[in-house]
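**Student:** how would this look folded up:
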Amino acid sequence: MQAVILCGGKGTRLREYTENIPKPLVEIGGKPILWHILKIYASFGFKEFILCLGYKGEAIKEYFKGKTEWNIIFADTGIDTNTGGRIKRIEKYIDGDIFFATYSDGLANINLTDLLAFHKNKKNVVTITAVNPLSQFGILEIDDECNIINFKEKPLLNQWINGGFFVFNRQIFDYIGDNDILEKMPFERLAQERKISSYKFNGFWMCMDTYKDTQILNEMWDMGNAPWRV
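**Tutor:** Numbers count the residues shown, from 1 in each chain. The predicted model follows:
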């Protein structure tokens, strides 16, 4: 089983770091977030990786070159290529009929063995890990007379969002154009054909999208409260 990691974006919402380094090399606990993601996969025995490089990709290649605990293919997928196009460009490196894929900025204490078993049982082209995000704002509970009866500080929302940690059958390549956004045309078409499944995950998940997210993840690591740690 191979795992494809999308590492090519410019990380514009993290410019505090990404003016100098690619987003996947932003550190949590002294190690790049990409290192943490590879450790998650490796803890379940999945150590074959394809890194879809783009913006400042040479820095990623230099950091991970020679890391013998993993077998890594460094694939240059272009500076401005969209997510689907990056997946399309690594088709030649895929050996089997099923492979993992994810983004390079999301951490979770997900059981990848269970995710894979779910995908095989559903027999669809794609499985997406669906997660409930935290609200960016506190929530007010208001009664019929406009009295505030409760405050909820940034609770989990009831809606499901795409948390990455995909499993793909190789038929996915038939749905992707040369520079598609993965989450647009390919996924929308698969949804219309009822060939895409959701693996509802209720454990820890967090995306490192902003400087504040980076601070939170580092604080969790430093306090010994990092659920994704393996």
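
**Student:** Where do the strands of this structure begin and end?
**Tutor:** Ranges of strands in the chain, per DSSP state E, are 2-7, 27-28, 31-32, 48-53, 71-76, 98-103, 106-108, 126-131, 139-142, 148-152, 161-162, 166-169, 196-200, 205-207.

**Student:** out of those, nearest to Q215?
**Tutor:** strand 27-28 (10.1 Å; Cβ to Cβ). (Glycine included, C-beta is placed from N, CA and C.)

**Student:** Let's check: the centremost residue of this structure is which one?
**Tutor:** Y103 (3.0 Å; Cα atoms, centre = their mean).

**Student:** hang on, isn't it packed against G8?
**Tutor:** No - Y103 is beyond contact range of G8, at 10.5 Å (criterion: Cβ atoms under 8 Å).

**Student:** Please identify every residue contacting each of these two.
**Tutor:** Counting by Cβ atoms under 8 Å, 6 or more residues apart in numbering, Y103 and G8 have no contacts in common.

**Student:** First-to-last residue distance for stretch 31-47?
**Tutor:** 18 Å (Cα to Cα, to the nearest Å).

**Student:** Next, the buried residues of it.
**Tutor:** 32-38, 40-42, 44, 46-47 (16 or more other Cβ atoms under 10 Å).

**Student:** Then stretch 47-66?
**Tutor:** 47-57, 59-60, 63-64.

**Student:** Which residues does that stretch contact?
**Tutor:** 1-11, 18, 21-22, 24-25, 32, 34, 38, 41, 69-81, 86-87, 89-90, 93-94.

**Student:** Mind doing that once more with 6 Å?
**Tutor:** Taking contacts as Cβ atoms under 6 Å, 6 or more residues apart in numbering, the residues outside stretch 47-66 that touch it are 2-8, 10, 21-22, 24, 70-79, 86, 90, 93.
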